[in-house]
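Trainee: My questions are about this predicted structure, shown below with the sequence.
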Amino acid sequence: MAEDAERMTMRLALQAKKHEMEARKFARLGRMHAVLSAVDAAAESVQNVRALLHGTCRIAVEDGGFGAAWAALYDGEGHRVRAITTEGLGQFALANPLVLNGTPSDGTLLARAIATGEPTICNNIAKVFLPSSALRQEALRRGLRSMAMCPLHTGDAVTAVLTLLAREPDAFDQDEVKLLEQLAEDLSAALTGIDRTSA
């Protein structure tokens, strides 16, 4: 009898854990849909790249519940990244260790995102980055556990990168990555439209 009761307790605990994980996933997908909708609506009236990226970062934090977001322009000829806007990182944010500037080092998330043209994901900053990493230290200090870097295109070329940081580990699963790809596609279309307008 005692063993049966113990098995039942364990089964109930596992079911509760499963329901909790499903609820969290549902909430995360909901916030990504909210970001997509709000960014698509905002992109229709934005006339310049800086405003588009700033608005996207603001929406990601305020509407999407992300812990922080930043965006950078990418110069393919000079192979350099220049951050232009952040949200959720406070004063002097462009100098924050979480915000990357300069030439991306080979093998990093940022370099991979630019090289492949596809989102790169880190679902556990604490485990992936070395303890000495300034990025890791700053992320953990701020309670940020996951990160996604989304390259944005003007035409066929990567010209910008959007980075989203979440407070929970494993924040970006396969379904959320699909939504990130959709977000990057919509932003890229807007960037291309702005580029043609200003040409």
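Mentor: Looks like it came in fine.

Trainee: which residues touch stretch 42-58?
Mentor: Applying CB atoms under 8 Å, 6 or more residues apart in numbering, the external contacts of stretch 42-58 come out as 39, 59, 69-71, 73, 84-88, 160, 162, 186-187, 190-191, 194, 197-198. All C-beta atoms are positioned from the backbone trio N, CA, C, and that covers glycine.

Trainee: Restricted to strands, list these.
Mentor: 69-71, 73, 84-87, 160, 162 (DSSP state E).

Trainee: Just give me the residue right at the centre of this protein.
Mentor: Leu164 (2.3 Å; CA atoms, centre = their mean).

Trainee: Which positions in the helix or strand that contains it come out as buried?
Mentor: Using DSSP states H and E, Leu164 sits in strand 157-166. By 16 or more other CB atoms under 10 Å, the buried positions in strand 157-166 come out as 158-166.

Trainee: Tell me which other helices or strands that strand touches.
Mentor: When contacts are defined as 3 or more CB pairs under 8 Å, 6 or more residues apart in numbering; DSSP states H and E, strand 157-166 packs onto helix 49-62, strand 68-75, helix 109-116, strand 146-154, helix 174-198.

Trainee: how about 10 Å then?
Mentor: Where contact means 3 or more CB pairs under 10 Å, 6 or more residues apart in numbering; DSSP states H and E, strand 157-166 is packed against helix 2-43, helix 49-62, strand 68-75, strand 80-87, helix 109-116, strand 120-122, strand 146-154, helix 174-198.
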